[in-house]
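# For reference, the sequence and a predicted model appear below.
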Amino acid sequence: MDPRYAAVVDTLSTYFDGLYHSDAAKLATVFHPDAQYVCATEEPLLQLTMQEYFPVVAKRPSPASRGEARTDRIAAIEFAGPATAFARVHCSIGPKQFTDFLTLILVDGRWQIIAKVFHFDLVEPMIPA
């Protein structure tokens, strides 16, 4: 396996864990400090910095605490040169089912998310039996 691919998968695994546990500190390890968070699903356009995004994550009840089933999965990873990657991933939080487009860059030897642009659909949350 391409070591770049494995490293991006590791970064995405941490990303999924951070979302599932509403762990802003964990998410801070995979987002570049200057990353952008953008959603155009609803009006007006939602655009946040990491300083604005992390407190939102920290305040919300985690999917784990509500017993929600994990639906996270990697749909695609593509590379553009040795230090740029794109990932299309899916996950759910409460009634929202997300498709995230994540742009990653290799900085100081580790892959970091520099942009998260996403869409969500409203669905019934999956709670395990």
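Alright, I've got the coordinates.

# Setting the sequence-adjacent residues aside, check what's closest to the residue nearest the centre of the chain.
By C-alpha atoms, centre = their mean, the chain has its centre lying nearest to Tyr15, at 5.1 Å. In space, not counting the residues next to it along the chain, Tyr15 is nearest to Val30; the distance is 5.0 Å by C-beta to C-beta, 6 or more residues apart in numbering. In this view, the C-beta of every residue, glycine as well, is placed from N, C-alpha and C.

# Would you mind pulling the contact partners of the host helix or strand of the residue nearest to the centre of the chain?
If you go by DSSP states H and E, Tyr15 is part of helix 3-20. For helix 3-20, the surrounding residues in contact (C-beta atoms under 8 Å, 6 or more residues apart in numbering) are 23-24, 26-27, 29-30, 57, 62-64, 70, 72, 74, 77, 79, 82, 85, 87, 89, 91, 93, 102, 104, 106, 110-113.

# before we move on, back to that, quick check, the residue nearest to Tyr15 in contact with Lys116.
No - if you go by C-beta atoms under 8 Å, Val30 and Lys116 don't touch, sitting 10.2 Å apart.

# Check which helix or strand Glu78 maps to.
Assigned by DSSP H and E, Glu78 falls within strand 73-79.

# which parts of that strand are buried?
Ile77 (16 or more other C-beta atoms under 10 Å).

# immediately after that strand, which helix or strand?
Where DSSP H and E defines the elements, the next helix or strand beyond strand 73-79 is strand 84-93.

# Please point out which parts of that next one sit buried.
Quick answer for strand 84-93 (16+ other C-beta under 10 Å): Ala85, Ala87, Val89, Cys91, Ser92, Ile93.

# what residues does the helix or strand following it touch?
Scanning forward in sequence from strand 84-93 by DSSP H and E, the next helix or strand is strand 96-107. With C-beta under 8 Å, 6+ apart as the test, strand 96-107 has contacts from 4, 8, 11-12, 15, 32, 71, 82-92, 111-123.

# how does it look with 6 Å?
Contact partners of strand 96-107, identified using C-beta atoms under 6 Å, 6 or more residues apart in numbering, comprise 83-91, 111-121, 123.
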